[in-house]
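K.L.:
Need the 3D shape of this:
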Amino acid sequence: DALLFSILVLAIGIVTLRTAALAERERARAAAEETRRELVAAVSHDLRTPIASLRLLVEAIDDGIVDEETRRRYLATMQTHIGSLSTMIDDLFELSRIEAGDIDWSMRQVELALLVDEAVDAMRPEARANGVEIHTEMAAASLPARADPERIQRVLFNLIRNAIHHTPADGSVTVRAETT
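P.N.:
You can find the predicted model right below:
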């Protein structure tokens, strides 16, 4: 009787542990699925806006209702939208590579202040075109770190581009780098 009772208690304990583990896996799966749905919704929204703009610009040019100066301005706007779409596609491809474990990180000593300055300088024309001022604030002249410089640059470009696009004309974006 005591042996049977011990076996029964052990079996109940195993079932309880397995049930808890399954519940935890299901919570993790549901959270991952929710994150995936949110990503798809965000990407869909971010794709819809430039595509709608491109469609209108192409139609205006195709219908011949714009003068030459406006046509050139529309073409420049189209190039900007195409660049944004291309970047988004590259980001999605990189995300799939990260999830598959197919990314080779080349970690080395980098100077973050230099990477931030380069990213801000590269984004100045886009900021200017959107009527947005862009500034940097560095906590120190030197901000050394161990990182993959190409990945850091890409993150900086994405963050700065998003800040520019979500800042109203006559607004400003400040990129701040500091040590913790």
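K.L.:
Could you check how far the residue most central in space within the chain is from Arg128?
P.N.:
Most central in the chain under Cα atoms, centre = their mean is Asn158, positioned 5.9 Å from the mean C-alpha point. Distance from Asn158 to Arg128, counting by Cβ to Cβ, to the nearest Å: 19 Å. In short, each C-beta sits where N, CA and C put it, glycine included.
K.L.:
what stretches of this protein score poorly on pLDDT?
P.N.:
By pLDDT under 70, the weakly predicted segments of the chain are 1.
K.L.:
For it, just list every one of the helices.
P.N.:
2-63, 68-100, 112-129, 149-165 (DSSP state H).
K.L.:
out of those, nearest to Glu178?
P.N.:
helix 112-129 (9.6 Å; Cβ to Cβ).
K.L.:
What count of nearby residues applies to Ile164?
P.N.:
Neighbourhood size, Ile164 [other Cβ atoms under 10 Å]: 20.
K.L.:
my guess is it meets Thr174, correct?
P.N.:
No. Ile164 is beyond contact range of Thr174, at 11.9 Å (criterion: Cβ atoms under 8 Å).
K.L.:
Name the residues contacting each of these two.
P.N.:
Both Ile164 and Thr174 are contacted by Ile134, under the criterion Cβ atoms under 8 Å, 6 or more residues apart in numbering.
K.L.:
hang on, the earlier thing: possible to save the helices of the chain as a markdown table with distance to Thr136?
P.N.:
A markdown table is the format used below for these (distance: least, Cβ to Cβ, whole Å):
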| stretch | distance to Thr136 |
| --- | --- |
| helix 2-63 | 26 |
| helix 68-100 | 21 |
| helix 112-129 | 5 |
| helix 149-165 | 10 |
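K.L.:
Contacts only, for Val66.
P.N.:
60, 74.
K.L.:
Pop out the phi and psi values for it.
P.N.:
Phi and psi for Val66, reported as degrees, to the nearest 10, are phi -120, psi 150.
K.L.:
roughly how far apart are it and Leu75?
P.N.:
10 Å.
K.L.:
ditto for Ala32
P.N.:
41 Å.
K.L.:
and these two? which has more neighbours close in?
P.N.:
Leu75 (13 against 10).
K.L.:
The closest residue in space to that one that isn't next to it in sequence: neighbour count?
P.N.:
Once flanking residues are discounted, Leu75 sits nearest to Ile61: 7.6 Å by Cβ to Cβ, 6 or more residues apart in numbering. When neighbours are defined as other Cβ under 10 Å, Ile61 has 15 of them.
K.L.:
doesn't Tyr74 make contact with Ile61?
P.N.:
Yes. Ile61 is within contact range of Tyr74, at 5.8 Å (criterion: Cβ under 8 Å).
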